[in-house]
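Q: build me a model from this:
(chains A and B)
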Amino acid sequence: MLEVKNIKYSYNSDYQALKGVSLKVEKGEMVALLGKNGAGKSTLFLHLNGIYEPDEGQVFIDGEELKYDKKSLLKFRQKVGIVFQNPDDQIFAPTVEEDVAFGPLNLGLPMEEVQDRVEEALSRVGMSGFEKKAPHHLSGGQKKRVAIAGILAMKPEIMVLDEPTAGLDPQGVVNLQKLLKDLNDEGITIIISTHEVDLVPNYAQRIFVLVDGLLIAEGTPKEIFAQPEILEQANLKVPIVTELFQKIEQEGFDMENDYPLTIEEAKDKFLEMFNKN
Amino acid sequence: MKFDMDYIAHHNALTETNPYLKLFITIFLLVLTLALDNLYFDIFIFIAMSIVILAIAKINIRSYLKFLSIPMVFVVLTCIFLIFFFGKGEVIYETGIFGIVVTTDSLHYGVYTFFRVIGCLPLLGFLALTTPIAKILHCLETLKVPKIVIEIALLMYNTIFIFLNEIDTMQKAQETRLGYSTYFGSFKSLGALASTIFLRSLDKSETLQHSLDSRGYTGELPVYVPRKRED
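A: Numbers count the residues shown, from 1 in each chain, chains lettered A, B, ... in the order given. Here you go, the predicted structure:
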């Protein structure tokens, strides 16, 4: 379980990036953090494993308050893994396997164990066979997967991904979604920041909406996407599927206040409507 | 064709050869070439190592020539300066301009420097073109080179590629907007490029630090030595 209590953080005296954010994510949940560029998503994420120390407020992981001494930080950074938006910021080693091994080695694990973890993590993300390759010879999507493997190999309880679908091709997005879903099924808590509203209802059990350093809403995808004023504030819009049903409603079909968010829901809704007529 | 030394180092017939052997051969022959200081030996090494690089490592000749061409420009310039502007001794040729002369001494310096470099270049090329940098660094590590040197080299090496990519992208963006179409404009664009790159590197280094810290970086890069597996 991860809990953030009233976090405030300023980069300098004129600019407060987080103005008191509180949120709670239960163990095994998969949640999305929505918000436009510059809303403070990345800043918030960097608080979750103690990279940034808040000016005010606390972070709790498994009910334990995050401390900022070396030993506690190492412990919390093992529990909370952050996958950075740009894999180039994260991958630094000359070969793929060395990069993936970096985290586990820092945890002081024996070499055998590290090797097992590296191999397992790379196979999870579908990058087996690339162990000896140089990261700068990989494509963007492959780098992303290596970056994820680097975090997976640390066996975190909570995985935080900053815009994981940015820059991936459609098939890459599908594969990533499947991987994250599998990981979530295995019990890893997953927090994703994104503005891909079409994808969010597919995986997110809950959504947080961050605007200008403040959390303005939280709820299930159904709840959030039913509030146009919140979406507007956050520079978001409803998923394309939902938009379709809203348009259809304007043509005189009553949706009974139930708008599908995903393709699956849309299919059911259509079948239901066809069967009625 | 783009010349990518790193790619070549990863994809040639000698990539998997023992890096200690390659490092040893290189250093041994380098010392030997410099110590002997013999013109014929220099030429012999040049030919022998070129054959090794082209025939045994199977590196294509255009890449090899490109590798040689860049330092060659410097060598030729340096040697011309050496011949005309340095050394004392008997004058053997007078140019008649500002009293610039060639002396026995300077000719000797120029010619010997030239051939020494000619001999050493393919030697370095042999190491650089056939061995991925990661392996060289590992070698140095076991040979007790200070850790800090290796870590800096490693981080630098990786960031060079990000850096080059960034410069490439920015330069294309500038060219797209005709940033290099005039002589004066080129200077301005290049200046803007340099300052932006500097600011961006600062930014990048901070993010890199964050991401290293996120994975439990303790200020020392651990070494990963996987065992060979049968399966």
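
Q: which bits of chain B sit near chain A?
A: Contact residues, chain B versus chain A (Cβ under 8 Å from any Cβ of the partner chain): B:6-7, B:10, B:132-134, B:137, B:154-155, B:157-159, B:161-162, B:165, B:204, B:207-208, B:210-218, B:221-227. All C-beta spots, glycine's among them, are computed from the backbone N, C-alpha and C.

Q: buried ones among those?
A: When the residues of chain B next to chain A are checked for burial by 16 or more other Cβ atoms under 10 Å in any protein chain shown, the buried set is B:6, B:10, B:132-134, B:137, B:154-155, B:157-159, B:161-162, B:204, B:207-208, B:210-217, B:221-222, B:224, B:226.

Q: chain neighbours aside, what residue packs nearest to residue 157?
A: Answering for chain A, as no chain was given. Of all residues beyond its chain neighbours, the one nearest A:Glu157 is A:Lys79 (4.9 Å), with distances taken as Cβ to Cβ, 6 or more residues apart in numbering or on different chains.

Q: my bad, chain B
A: Nearest to B:Tyr157 is B:Ile133, by Cβ to Cβ, 6+ apart, at 5.3 Å.

Q: ok, residues contacting the lowest-mean-pLDDT helix or strand in chain B?
A: Least confident helix or strand, chain B: strand B:91-94 with a mean of 74, by mean pLDDT, DSSP states H and E. Contacts with strand B:91-94, where a contact means Cβ atoms under 8 Å, 6 or more residues apart in numbering or on different chains, come from B:101-104, B:107.

Q: close to chain B: what parts of the stretch 151-277 of chain A are there?
A: Contact residues, the stretch 151-277 of chain A versus chain B (Cβ under 8 Å from any Cβ): A:151, A:154.

Q: what's the neighbour count on residue 200?
A: Using chain A. A:Val200: 23 surrounding residues under other Cβ atoms under 10 Å in any protein chain shown.

Q: chain B, not that one
A: With other Cβ under 10 Å as criterion, B:Arg200 counts 15.

Q: longest helix anywhere in chain B?
A: The longest helix of chain B (DSSP state H) is helix B:183-214.

Q: oh, I was asking about chain A
A: Per DSSP H, chain A has its longest helix at helix A:170-185.

Q: low-confidence bits of chain B, can you list those?
A: Scanning chain B with the threshold set as pLDDT under 70 gives B:1-3, B:96, B:229-231.

Q: and the most centrally placed residue in chain A, which of the three is it?
A: What sits nearest the mean C-alpha location of chain A, by Cα atoms, centre = their mean, is A:Ile192, with 1.3 Å. What DSSP: H, G, I helix; E, B strand; the rest coil gives for A:Ile192 is strand.

Q: in this structure it contacts A:Leu161, no?
A: Yes - between A:Ile192 and A:Leu161 there is a contact under Cβ atoms under 8 Å: 4.9 Å.

Q: identify the contacts common to those two.
A: Residues touching both A:Ile192 and A:Leu161 (Cβ under 8 Å, 6+ apart) are A:Leu180.

Q: now the least confident helix or strand of chain B, how far from the centre of its chain.
A: Remark: strand B:91-94 is offset 36 Å from the chain centroid, using Cα atoms, centre = their mean, to the nearest Å.

Q: can you get me a residue count around the residue in the stretch 151-277 of chain A that chain B sits nearest to?
A: Nearest to chain B, among the residues of the stretch 151-277 of chain A, is A:Met154, at 6.6 Å (Cβ to the nearest Cβ). Here the count is done by other Cβ under 10 Å, and A:Met154 has 24 residues near it.

Q: hang on, A:Ile82 in a strand?
A: Yes - assessed by three-state DSSP, A:Ile82 belongs to a strand.

Q: tell me how many other residues crowd it.
A: So A:Ile82, with other Cβ under 10 Å, has 26 neighbours.

Q: which residues does it bridge with?
A: A:Val160 (DSSP bridges).

Q: report the contact partners of it.
A: A:45-46, A:48-49, A:51, A:151, A:160-162, B:211, B:214.

Q: nearest to A:Asp268, of those?
A: Checking these against A:Asp268 with Cβ to Cβ, the nearest one is A:Leu161 at 29.2 Å.

Q: now the strands for chain B?
A: Here chain B has its strands, by DSSP state E, at B:91-94, B:101-103.

Q: need the winner for burial among those strands.
A: strand B:101-103 (a mean of 18; mean count of other Cβ atoms under 10 Å in any protein chain shown).

Q: how far off centre is it?
A: Using Cα atoms, centre = their mean, the offset of strand B:101-103 from its chain centre is 32 Å.

Q: same check on stretch A:61-79?
A: 20 Å.

Q: so what's the backbone phi/psi at A:Ala17?
A: Torsion angles at A:Ala17 (phi, psi; degrees, to the nearest 10) stand at phi -80, psi -40.

Q: measure it to B:Leu208 for me?
A: 20 Å (Cβ to Cβ, to the nearest Å).

Q: would you confirm that A:Ser42 contacts A:Leu161?
A: No - the criterion here is Cβ under 8 Å, and A:Ser42 misses it with A:Leu161 at 11.3 Å.

Q: identify the contacts common to these two.
A: A:Ser193.

Q: what about those two, which has more around it?
A: A:Leu161 (25 against 19).

Q: surely the more buried one meets A:Ile188?
A: No - contact between A:Leu161 and A:Ile188 fails when scored by Cβ under 8 Å: they sit 11.2 Å apart.

Q: what's in contact with stretch A:120-128?
A: With Cβ under 8 Å, 6+ apart as the test, stretch A:120-128 has contacts from A:96-97, A:100, A:119, A:130-131, A:142, A:145-146, A:148-150, A:152-153, A:175, A:179.

Q: mind checking how far that stretch is from the chain centre?
A: Remark: stretch A:120-128 is offset 20 Å from the chain centroid, using Cα atoms, centre = their mean.

Q: pull out the buried residues from that stretch.
A: Residues of stretch A:120-128 classed as buried: A:121-122, A:124-125, A:127 (neighbour count, 16+ other Cβ under 10 Å).

Q: got the end-to-end distance for it?
A: Using Cα to Cα, to the nearest Å, the end-to-end distance of stretch A:120-128 comes to 9 Å.

Q: got the contact list for residue 41?
A: Just going to use chain A. Contacts of A:Lys41 by Cβ under 8 Å, 6+ apart are A:33, A:35, A:162, A:193, A:210.

Q: wrong one, I was asking about chain B
A: Here B:Phe41 is in contact with B:32-33, B:119 (Cβ under 8 Å, 6+ apart).

Q: fine, thanks again, bye for now.
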